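Asker: Return atomic coordinates for the entry below.
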Amino acid sequence: MERWSLGAKVVALALLLSAASHGRELPVKSSDRSFIYNHTLAKTLVEYASAVYMTDLTALFTWTCSRCNDLTQVRDHQGFEMRSLIVDVENCLQAFVGVDHSLNSIIVAIRGTQENSVQNWIKDLIWKQLDLSYPNMPNAKVHSGFFSSYNNTILRLAITSAVHKARKSYGDINVIVTGHSMGGAMASFCALDLANISP
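Answerer: Numbers count the residues shown, from 1 in each chain. Below you'll find the predicted structure:
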């Protein structure tokens, strides 16, 4: 096995970061499937992850909020259609499920830690690892605070229900789950959940 020098590793990392920051597509091979980084898609998902932080729920639900524009803006009946806005006041959690017609995908966005939320900060600090039992994932461990924020609140049931309803309307289209910070961790649990539930 060939070993790379520290200099070669740094150059390779710099090239990778440079290409990613300039929006070039990078093929990534994984077993029998090939994935291509799409900079526009990545920016679109960041906009969805940003929009879910909005506190004006009416503007968010009607997709007229200040963060509901640019790549996620509705144009000529193409773009984003809000299907479900999920707010768990008790646990200070928020998410939405909608359909991005230009991507032909269901979008799930989960909000991360709210700056002034004691509940969120407590969940962030409960980092004890729990065993996770998912198919084909032996010995997996997860952050207990993030896991309970997704599984022991209204988020899990509300999101899976909204995704099923959207699939009844639009068929077996792709589902893309995104989030930032704690929302990114919960998005991972959500994606696993949706992957193991038949449409």
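
Asker: Domain ranges for this protein, per the record?
Answerer: Here the domain assignment for the chain is 1-37, 39-195, based on automatic domain parsing.

Asker: Run through the strands of this structure in chain order.
Answerer: Using DSSP state E, the strands of the chain run over 27-30, 33-36, 80-88, 93-100, 105-110, 129-134, 137-143, 174-179.

Asker: want to throw these into TSV with mean pLDDT and distance to Thr62?
Answerer: For every residue, glycine as well, the C-beta is placed using N, CA and C. Shown next, in TSV, are the strands of the chain (pLDDT from 0 to 100; distance: least, Cβ to Cβ, whole Å):
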stretch	mean pLDDT	distance to Thr62
strand 27-30	48	37
strand 33-36	69	34
strand 80-88	93	7
strand 93-100	94	12
strand 105-110	95	16
strand 129-134	73	36
strand 137-143	75	34
strand 174-179	94	20
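
Asker: Of the ones you listed, flag the one that's most buried.
Answerer: Stretch with highest mean neighbour count among these: strand 105-110 (a mean of 26; mean count of other Cβ atoms under 10 Å).

Asker: where does that one sit relative to the chain's centre, distance-wise?
Answerer: Offset of strand 105-110 from its chain centre (Cα atoms, centre = their mean, to the nearest Å): 7 Å.

Asker: Name the strands paired with it and say parallel or antiparallel.
Answerer: Applying DSSP bridges to the sheet, strand 105-110 is found paired with strand 93-100 (antiparallel), strand 174-179 (parallel).

Asker: Now render the ones you listed as a markdown table, adding distance to Asp70.
Answerer: Output for those, formatted as a markdown table (distance: least, Cβ to Cβ, whole Å):
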| stretch | distance to Asp70 |
| --- | --- |
| strand 93-100 | 13 |
| strand 174-179 | 15 |
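
Asker: Out of those strands, which is closest to Ala140?
Answerer: strand 174-179 (17.9 Å; Cβ to Cβ).

Asker: and the closest one, how far from the chain's centre?
Answerer: Centroid separation for strand 174-179 versus its chain: 5 Å, with Cα atoms, centre = their mean.

Asker: Next: stretch 90-97.
Answerer: On the basis of Cα atoms, centre = their mean, stretch 90-97 sits 13 Å off its chain's mean C-alpha point.

Asker: what's the answer for stretch 176-192, then?
Answerer: Going by Cα atoms, centre = their mean, where stretch 176-192 is centred and where its chain is centred differ by 4 Å.

Asker: Give me the buried positions along that stretch.
Answerer: 176-183, 185-192 (16 or more other Cβ atoms under 10 Å).

Asker: CA atoms of that stretch as PDB?
Answerer: Extracted C-alpha coordinates of stretch 176-192, given in PDB (Å, rounded to 0.1, in the frame of the first residue of the first chain):
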ATOM      1  CA  ILE A 176     -33.900  15.000   0.400                       C
ATOM      2  CA  VAL A 177     -33.400  15.700   4.100                       C
ATOM      3  CA  THR A 178     -31.300  18.700   5.300                       C
ATOM      4  CA  GLY A 179     -30.500  20.600   8.400                       C
ATOM      5  CA  HIS A 180     -27.900  22.600  10.200                       C
ATOM      6  CA  SER A 181     -26.200  21.900  13.500                       C
ATOM      7  CA  MET A 182     -28.500  19.800  15.700                       C
ATOM      8  CA  GLY A 183     -30.900  19.800  12.700                       C
ATOM      9  CA  GLY A 184     -28.200  18.100  10.600                       C
ATOM     10  CA  ALA A 185     -27.800  15.400  13.200                       C
ATOM     11  CA  MET A 186     -31.600  14.900  13.300                       C
ATOM     12  CA  ALA A 187     -31.700  15.000   9.500                       C
ATOM     13  CA  SER A 188     -29.400  12.000   9.600                       C
ATOM     14  CA  PHE A 189     -31.700  10.000  11.900                       C
ATOM     15  CA  CYS A 190     -34.700  11.100   9.700                       C
ATOM     16  CA  ALA A 191     -33.000  10.000   6.500                       C
ATOM     17  CA  LEU A 192     -32.200   6.600   8.000                       C
END
